[in-house]
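# got a predicted structure plus its sequence, pasted below:
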Amino acid sequence: MGLMTGKEYIESLRKLKTRVYVFGEIVENFVDHPMIRPSINSVAMTYDLAHDLQYEDLMTATSNLTGKKVNRFCHLHQSTNDLIKKVKMQRLLGQKTASCFQRCVGMDAFNAIWSTTFETDKKYGTKYHENFKKYLEYVQENDLTVDGAMTDPKGDRALSPSQQKDPDMFVHIVEKREDGIVVRGAKAHQTGSINSHEHLIMPTIAMREEDKAFAVSFAVPSDAEGVFMIYGRQSCDTRKMEKNADIDLGNKNFGGQEALVVFENVFIPWDKVFLCEEYDFAGMMVERFAGYHRQSYGGCKVGVGDVLIGAAAVAAEYNGAAKASHIKDKLIEMTHLNETLYCCGIACSAEGSQTEAGNYQIDNLLANVCKQNVTRFPYEIVRLAEDIAGGLMVTMPSQADFDSPEIGEYCYKYFKGNANVSTENRMRILRFIENMCLGSSAVGYRTESMHGAGSPQAQRIMISRQSNLEHKKELAKKIAGIQE
Ligand SMILES: Cc1cc2nc3c(=O)[nH]c(=O)nc-3n(C[C@H](O)[C@H](O)[C@H](O)COP(=O)(O)OP(=O)(O)OC[C@H]3O[C@@H](n4cnc5c(N)ncnc54)[C@H](O)[C@@H]3O)c2cc1C
């Protein structure tokens, strides 16, 4: 099979027996569920754009494993140029969907596991790298979407995995058999997990010997026995269930999605296992995945930011305020912040280096600086968008009021801005801004910017480790003529 189209991707999901719960009930047909479908459409965009010749260079790559053309989301980065193209591809997809398109976590997991298994095998003589190579060939051949699953529920944050009262707070090995392992636990906040074909599991934190049962990495199909998912509800999500929902949704076609993925004694054959008790490599896998994922945000959030800046500029025109100097200045500030994030994404890619396994990794210090900025700048961009939009983005009546024969005419009359613009268009752009700033897409643009790929403090720890303060002190002492 070659590259799938968006339509083929959607049809491929129908063949899975994925167990999904929404509002306490199992969903028979998750593909057409109104709350889930927008997130499927966003992923479908990653397939469709790969067939668009103008984006071929960004969206596809030549596999180093098979020599075949693959979707870049399934690719191992072979150069710093590949790392840069990854960021550009993510910006493009943010621009096309104004939401989280979910396929990055899998791509980041592929690249982290590829190099970590190589180094694990080198030390322990294990076969994880070979296992992973075969698995990735399968993923590339079938153009699959894979959920990169790192975050465990974690229970009491002050305790290590083995110290938790309930051992299931971290995914762990419950049985080692001749033909494979049996695992138990859950992964929380899993982006795009429901519409992924597979899950790729990694540990959440660095581990010690007593935690070795939790040092596990493996791949498992979404519909494997013992796997099920509980949909994470989002702000304003039930608007998608309303009849004739359109304007009130803001972004009718696209969205992101997260879920709790539960593993109830799931069997994993040995050839799908990529780490099993080698606790000293858990930290390496976590750090490498986090590095790639912190780079990712210098692309995807920038693309969404582009759309939000555009939406704010349109709202200013529709309100009749576009010519005001402070509005122009606010749009400049939004652009400055957004492009700063992009600079970070590009810089950590351009300064990347080759791993022992051959693929390329980002510059870790710069990737952490990138993500640290992402925990802040989208919030400021949102603040400025809300300033420009005006209060109506949160106080306007529903679409049903506009459609009402009794009161509709009052809505159209009193919510008019610039006389040359239809009231409907003004409502559309304001609802769109609402969607990104505090509706369902804010999950991806705001809180995911804060916590996705690790909360801000995780980056500060990495920045502190890599800042090489001693070198900086030496530089200062030398120029100041200090001799100690
Ligand atoms: C929208 C969204 C999408 C996501 N997608 C994915 C995904 O696809 N795959 C995936 O694996 N993960 C995903 N994540 C998870 C993300 O990586 C975590 O949210 C992040 O690592 C923080 O973990 P937490 O949410 O459990 O918060 P917590 O760990 O509870 O952190 C809350 C606060 O407590 C602090 N804290 C936590 N532990 C300690 C400690 N021991 N000592 C001191 N302070 C502490 C943190 O610094 C933070 O300030 C996603 C998260 C979000 C919000």
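Arrived safely, thanks for sending. Numbers count the residues shown, from 1 in each chain.

# wait, doesn't F432 sit right on K252?
No. Assessed by CB atoms under 8 Å, F432 is found out of contact with K252, at 9.6 Å. From N, CA and C alone the C-beta is placed, and that goes for glycine too.

# what residues are up against the residue nearest the centre of the chain?
The geometric centre of the chain, computed from its C-alpha atoms, lies nearest to Q102 (CA atoms, centre = their mean), at 5.0 Å. Counting by CB atoms under 8 Å, 6 or more residues apart in numbering, Q102 makes contact with S39, S42, V43, T145, T191, G192, N195, S196, G256, Q257.

# same question, D223
The neighbourhood of D223, defined by CB under 8 Å, 6+ apart, consists of L16, K17, T18, R19.

# pLDDT score assigned to it?
Note for D223: predicted pLDDT of 98.

# give me the phi and psi for it.
Taking degrees, to the nearest 10, you get phi -110, psi 20 for the backbone angles of D223.

# now do it against N111, distance only.
26 Å (CB to CB, to the nearest Å).

# now name the helix or strand holding A347.
Secondary structure from DSSP states H and E places A347 in helix 325-350.

# buried sites along that helix?
Of the residues in helix 325-350, 327, 330-331, 334, 337-338, 341-342, 344-349 count as buried by neighbour count, 16 or more other CB atoms under 10 Å.

# tabulate the residues you listed (CSV), appending distance to the ligand and pLDDT.
Compiled in CSV, the buried residues of helix 325-350 are given as follows (distance: CB to the nearest ligand atom, whole Å; pLDDT from 0 to 100):
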residue, distance to the ligand, pLDDT
I327, 31, 98
K330, 27, 98
L331, 27, 98
M334, 22, 98
L337, 20, 98
N338, 19, 98
L341, 17, 98
Y342, 21, 98
C344, 19, 98
G345, 18, 98
I346, 23, 98
A347, 23, 98
C348, 18, 98
S349, 21, 98
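
# in helices only, show me the contacts of Q102.
Per DSSP state H, helices hold the following members of those: S39, S42, V43.

# show the contacting residues for the closest residue to the first one other than its chain neighbours.
What it means is S39. Nearest non-adjacent residue to S39, counting by CB to CB, 6 or more residues apart in numbering: Q257, 3.5 Å away. With contact set as CB under 8 Å, 6+ apart, Q257 has these partners: I36, S39, C100, Q102, T191, G192, S193, I194, N195, Y231, G232, Q234.

# cool, and V266?
V266 neighbours (CB under 8 Å, 6+ apart): V182, V183, R184, V220, A224, E225, G226, V227.

# tell me the secondary structure for the first one?
Just to be clear, that refers to V182. strand (DSSP: H, G, I helix; E, B strand; the rest coil).

# for it, list each beta-bridge partner.
E175, F267 (DSSP bridges).

# what of T60?
Taking DSSP bridges as the rule, T60 bridges to N71.

# selecting buried members of the contacts of V266 in ChimeraX, what would you type?
Selection of the buried residues among the contacts of V266 in ChimeraX, burial being defined by 16+ other CB under 10 Å:
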select :183,184,220,224,227
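
# same list, the contacts of V266, but as CSV with distance to V304 please.
Shown next, in CSV, are those (distance: CB to CB, whole Å):
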residue, distance to V304
V182, 40
V183, 34
R184, 36
V220, 30
A224, 33
E225, 37
G226, 35
V227, 30
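
# out of the contacts of V266, which comes closest to the ligand?
Of all the contacts of V266, V220 has the smallest distance to the ligand: 14.4 Å, by CB to the nearest ligand atom.

# before we move on, the earlier item: and for the residue nearest to the residue nearest to the centre of the chain when sequence neighbours are not counted, the neighbour number?
The shortest distance from Q102 to any non-neighbouring residue, by CB to CB, 6+ apart, is to G192 (2.8 Å). Neighbours of G192 under the rule other CB atoms under 10 Å: 25.

# closest to A282 among the buried residues of helix 325-350?
C348 (23.1 Å; CB to CB).

# circling back: for the contacts of D223, pick the one with the most neighbours.
Most surrounded of the contacts of D223: other CB under 10 Å gives T18, at 22 neighbours.

# what about it, distance to the ligand?
16 Å (CB to the nearest ligand atom, to the nearest Å).

# one more: D223?
Taken as CB to the nearest ligand atom, the span from D223 to the ligand is 19 Å.

# got it, and T60?
Per CB to the nearest ligand atom, T60 is found 23 Å from the ligand.

# surely that residue is in contact with F73?
No. Between T60 and F73 there is no contact under CB under 8 Å: 9.7 Å.

# higher neighbour count, these two?
F73 (30 against 21).

# that one and V105 touch, don't they?
No. Using CB under 8 Å as the test, F73 is too far from V105 to be in contact (10.0 Å).

# report how many residues lie close to N418.
Around N418 there are 15 residues (other CB under 10 Å).

# next, it: secondary structure please.
Secondary structure state of N418, per three-state DSSP, is coil.

# residues contacting it?
Counting by CB under 8 Å, 6+ apart, N418 makes contact with E317, Y318, N319, G320, R426.

# got the phi/psi numbers for V261?
Backbone torsions of V261, given as degrees, to the nearest 10, read phi -110, psi 120.

# pretty sure it is touching A186, no?
Yes. Between V261 and A186 there is a contact under CB under 8 Å: 6.2 Å.

# quick one, which of these two is more surrounded?
Higher neighbour count among V261 and A186: V261, with 25 against 21, using other CB under 10 Å.

# enumerate the residues of the chain near the ligand.
105, 148-151, 154, 157-158, 189-191, 258, 443, 447-448, 451-455, 457 (CB under 6 Å from any ligand atom).

# so which bits of the helix or strand hosting E470 are buried?
Using DSSP H and E, E470 falls within helix 469-480. By 16+ other CB under 10 Å, helix 469-480 has no buried positions at all.
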